[in-house]
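> sequence and predicted structure are below.
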Amino acid sequence: MEWLRFILGVAFIIMGLLVFVIQLVGVYKFKYVLNRMHAAGMGDTMGLSLCLLGAMFLLGVSFTTLKLILIAAFLWLASPVSSHLISRMEVTTNEELEKYCKIEKDEEEA
Amino acid sequence: MALIHQFEWIFHIILMILSIMLMLCLIRSVIGPRVADRLVAVNMMGTMIMCIIVILGVIMDEGYLADIALIYAMISFLAVVVLTKVYTGVYQEHKLKQQKEDK
C-alpha cells in the first residue's frame, strides 16, 4: 500500500516537471510577447497543480494537504488575472501593434 | 514515510532540474526586448520557486513550508499587479506631456 502511494506521487511530480519543460521550450521558441503568454500560462496552472497533487499523494491525509489545496485554489483565481493585466499593459503601451496582430475596429451603432 | 527517505536521490534530481530551469528563466528575463517579456519571466520564476518549496517540505517532513509557499504566491501576484499599473500610468502621463508640448 505504501509503494502505491509513493509511485503515484512521484509519477505526478515528474509529469508536472514535464509540463514545466514544455512551457520553457515554448517561451523560447515564440517570437512575440502575446504569443509567449500562451505558453507561460500553461505552467502556472497545470504544472503547479500536478506537482501539488503529487505532493498530496506523498503526504497522505493531514493538515498540510489542506494547505496545499488552498494554494491551488488561490493560484487558479489569481493567475488568469495577472495574465490579463500583463497583456492589457502590452497593448496600451505598444505603438507598433498593427505589425504584429490584426486589430478590429469597433463599429459604432447609430 | 520511510520510503521517501530511502529514495531521496529521485527528489534531489528533480530539484536539480528545476533549478536549471530557473536559471534559464532568468536569462529569458534579461534578453526579452519588451517590458512585458520580463514580467512574464518573473511570474514563471515565482511559480517554479513555489514548486521547489513544496517538494522541499515533503522531503524534510516540515509542514510549515506550505505556508511559506502560499505567502510567496500572494506576494508575486501583488507584485505583477502593482508593476503593470505603475508602468501604464507612467506611460500615459508621458504621452500627455508630449501632446501638450506638440501643441
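It's in. Residues are numbered from 1 along each chain as shown, chains lettered A, B, ... in the order given.
> what's near enough to touch the residue nearest the centre of chain B?
Closest to where the C-alpha atoms of chain B average out (CA atoms, centre = their mean) is residue B:46, at 1.9 Å. Applying CB atoms under 8 Å, 6 or more residues apart in numbering or on different chains to residue B:46 gives the contacts B:72, B:73, B:76. (Glycine included, C-beta is placed from N, CA and C.)
> output the contacting helices and strands for the strand or helix carrying the second one.
Yep, that's residue B:73 we're talking about. Using DSSP states H and E, the secondary-structure element containing residue B:73 is helix B:65-102. Judged by 3 or more CB pairs under 8 Å, 6 or more residues apart in numbering or on different chains; DSSP states H and E, helix B:65-102 is in contact with helix A:63-93, helix B:35-60.
> now the last one: buried residues?
Right, the one you point to is helix B:35-60. B:35-55, B:57-59 (16 or more other CB atoms under 10 Å in any protein chain shown).
> follow-up on the earlier one: generate a PyMOL selection restricted to the buried subset of the contacts of residue B:46.
Remark: buried members of the contacts of residue B:46, expressed as a PyMOL selection using 16+ other CB under 10 Å:
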select buried, chain B and resi 72+73+76
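> avg pLDDT for stretch B:39-48?
The average pLDDT within stretch B:39-48 is 93.
> then stretch A:8-17?
On average, the pLDDT along stretch A:8-17 is 94.
> how about stretch B:20-30?
Rounded mean pLDDT across stretch B:20-30 is 94.
> angle of the helix holding residue B:73 against helix A:63-93?
10 degrees (axes from the mean of the first three to the mean of the last three CA atoms, to 10 degrees).
> worst-scoring helix or strand of the chain, pLDDT-wise?
Just so you know, I chose chain A. Lowest by mean pLDDT, DSSP states H and E among the helices and strands of chain A is helix A:97-100, with a mean of 74.
> in that helix, which residues are buried?
In helix A:97-100, no residue is buried by neighbour count (16+ other CB under 10 Å).
> now do that helix: everything it contacts.
A:32, A:34, A:91, A:94, A:103.
> quick check on those residues: which are buried?
Among the contacts of helix A:97-100, those classed as buried by neighbour count (16+ other CB under 10 Å) are A:32, A:34, A:94.
> returning to what we had before: what angle do helix B:35-60 and the helix holding residue B:73 make with each other?
Using the same axes, to 10 degrees: helix B:65-102 against helix B:35-60 is 170 degrees.
> model confidence over helix B:65-102, on average?
93.
> over to stretch A:73-83?
Averaged across stretch A:73-83, pLDDT comes to 93.
> in it, which residues are buried?
Of the residues in stretch A:73-83, A:75, A:78, A:79, A:82, A:83 count as buried by neighbour count, 16+ other CB under 10 Å.
> may I ask which two of those are separated the most?
Maximum pairwise distance among these (CB to CB): 12.0 Å, between A:75 and A:83.
> anything in contact with each of those two?
Joint contacts of residue A:75 and residue A:83 (CB under 8 Å, 6+ apart) are residue A:44.
> and residue A:61, what pLDDT?
89.
> what about it, which SS state?
Assigned by DSSP: H, G, I helix; E, B strand; the rest coil, the conformation of residue A:61 is coil.
> what count of nearby residues applies to it?
8 (other CB atoms under 10 Å in any protein chain shown).
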